[in-house]
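A.B. asks: Take this sequence and fold it.
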Amino acid sequence: MGRPKQFDPDVAVNKAMELFWRKGFAETTPQDLVTELDIGKGSLYNTFASKRALFDLALRRYVEMRVAGVVETLERPGPVTERLRVALRRLADADVTLTSRGCLGVNTAVELAGQDEAAAEVVGRLFDRIEAAFRAVIEEGQRSGEIAAGRDSQQLAGLILASFIGMSVLAKTADAQRLRRTIDAVMAVL
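C.D. replies: Residues are numbered from 1 along each chain as shown. Next comes the predicted model:
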């Protein structure tokens, strides 16, 4: 009979997420994971099967965390335009303050999406869900009169999403002023 696990797999996924976020998938070695998670190689493979399987778990965890944060901000009470501004600032500030890592989803899209269908699908779902959250709040703003009703909510949501993706790349330079100017420009379009 094998020894019982001496680590919490849930905590290990969070630590792996942080490591993949810092280094990317390709640059993270199994030894990096063993060191970061403070587990043996056997435990790594017995619990998670492979580096890739652990990455998939970490990326899905990140997607849930990121979407939940955006949705929570957008569903708060108050003016729609202010909620959109706060959501964009929250996304940009998190990307800058977390040691300029950007967004793990965007980083994964840049690193793997063109060559890895499974990663592209997970990241695509992240973008779809964030865009849907933006669209829902834009439509709320159109009903309340804060945003012109004649504007195409899908196009506006797509513009905000594309701006967010660009800001995630810009965040890697840790230029908070540039990000704030971008947010101001996006909000002026609404």
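A.B. asks: Check the spacing between Glu27 and Val34 real quick.
C.D. replies: Separation of Glu27 from Val34 (C-beta to C-beta, to the nearest Å) stands at 15 Å. No exception for glycine: its C-beta is placed from N, CA and C like everyone else's.
A.B. asks: of the two, who's got more company?
C.D. replies: Per other C-beta atoms under 10 Å, whichever of Glu27 and Val34 has more neighbours is Val34, with 16 against 11.
A.B. asks: Which elements pack onto the host helix or strand of that one?
C.D. replies: Element membership for Val34 (DSSP states H and E) is helix 30-37. Using 3 or more C-beta pairs under 8 Å, 6 or more residues apart in numbering; DSSP states H and E, the elements in contact with helix 30-37 are helix 9-23, helix 41-48, helix 51-74.
A.B. asks: Nearest to Ala157 among those helices would be which one?
C.D. replies: Smallest distance to Ala157 across these (C-beta to C-beta): 11.1 Å, for helix 51-74.
A.B. asks: what packs against that closest one?
C.D. replies: helix 9-23, helix 30-37, helix 41-48, helix 80-97, helix 104-112, helix 117-144.
A.B. asks: residues making contact with the helix-or-strand element of the chain with minimal mean pLDDT?
C.D. replies: Scoring the helices and strands of the chain by mean pLDDT, DSSP states H and E places helix 80-97 at the bottom, with a mean of 82. Contact with helix 80-97 is made by 69-70, 73-74, 76, 101-103, 134, 137-138, 140-141, 144, 146-147, 160, 163-164, 167-168, 171-172, 174-176, 179-180, 182-183, 186-187, 190, as judged by C-beta atoms under 8 Å, 6 or more residues apart in numbering.
A.B. asks: thinking again about what came up before, indicate which one of the helices and strands packed on helix 51-74 is closest to Tyr62.
C.D. replies: The closest of those to Tyr62 is helix 104-112. By C-beta to C-beta, the value is 4.6 Å.
A.B. asks: And the nearest residue to Met17 once chain neighbours are set aside, how close does it get to Ala12?
C.D. replies: For Met17, ignoring the flanking residues on the chain, the nearest one in space by C-beta to C-beta, 6 or more residues apart in numbering is Ala58 at 3.8 Å. Applying C-beta to C-beta, the value for Ala58 to Ala12 is 9 Å.
A.B. asks: which SS state does Glu27 fall under?
C.D. replies: Secondary structure state of Glu27, per DSSP: H, G, I helix; E, B strand; the rest coil, is coil.
A.B. asks: and it, backbone torsions?
C.D. replies: phi -80, psi -10 (degrees, to the nearest 10).
A.B. asks: Any stretches of this structure with poor pLDDT?
C.D. replies: 1-5, 94-100, 174 (pLDDT under 70).
A.B. asks: where's the closest residue to Ile39 other than its chain neighbours relative to Leu54, distance?
C.D. replies: Nearest non-adjacent residue to Ile39, counting by C-beta to C-beta, 6+ apart: Phe7, 5.2 Å away. Between Phe7 and Leu54 the distance is 13 Å, computed by C-beta to C-beta.
A.B. asks: Thanks a lot, catch you later.
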